[in-house]
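Participant: here is my input; please provide its structure:
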Amino acid sequence: MIEILRTNDLVLISLTEAILFEIGIEIFVADQHMSAMEGSLGFLPRRVLVAPEDEVRARRALSEAGLAEELRDE
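Facilitator: Numbering: from 1, shown residues only. Alright, predicted model coming up:
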């Protein structure tokens, strides 16, 4: 899996998931339960991962949606 985004913004994660779902790309959100283990503070970022074969399409779709600044460097 390739990390394309790291954030603690739940709205951004939902938006990312919706955009990629629409074009048939599944995501995995890593570390989404870490804040519960750390006392539910919500400051630990979650990582959005995609399959290696979907990385280029995912980055393009998110960039076209105006989220290029949010993407992790390749």
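Participant: tell me where the chain has helices.
Facilitator: Applying DSSP state H to the chain gives helices spanning 10-22, 34-37, 55-64.
Participant: next, format these as CSV and append mean neighbour count.
Facilitator: For the C-beta atoms, the positions are set from N, CA and C on the backbone; glycine is no exception. Shown next, in CSV, are the helices of the chain (neighbours: other C-beta atoms under 10 Å):
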stretch, mean neighbour count
helix 10-22, 15
helix 34-37, 12
helix 55-64, 16
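Participant: so which of these is nearest residue 49?
Facilitator: helix 55-64 (9.7 Å; C-beta to C-beta).
Participant: got the CA positions of that closest one in PDB?
Facilitator: This file holds the C-alpha atoms of helix 55-64, laid out as PDB (Å, rounded to 0.1, in the frame of the first residue of the first chain):
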ATOM      1  CA  GLU A  55      -1.500   5.600  -6.900                       C
ATOM      2  CA  VAL A  56      -1.200   7.600 -10.100                       C
ATOM      3  CA  ARG A  57      -5.000   7.700 -10.800                       C
ATOM      4  CA  ALA A  58      -5.700   8.500  -7.100                       C
ATOM      5  CA  ARG A  59      -3.200  11.400  -7.100                       C
ATOM      6  CA  ARG A  60      -4.600  12.800 -10.400                       C
ATOM      7  CA  ALA A  61      -8.200  12.600  -9.200                       C
ATOM      8  CA  LEU A  62      -7.400  14.300  -5.900                       C
ATOM      9  CA  SER A  63      -5.400  17.000  -7.600                       C
ATOM     10  CA  GLU A  64      -8.200  17.600 -10.000                       C
END
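Participant: packing partners for that helix?
Facilitator: Based on contacts counted as 3 or more C-beta pairs under 8 Å, 6 or more residues apart in numbering; DSSP states H and E, the elements that helix 55-64 packs against are strand 2-7, helix 10-22.
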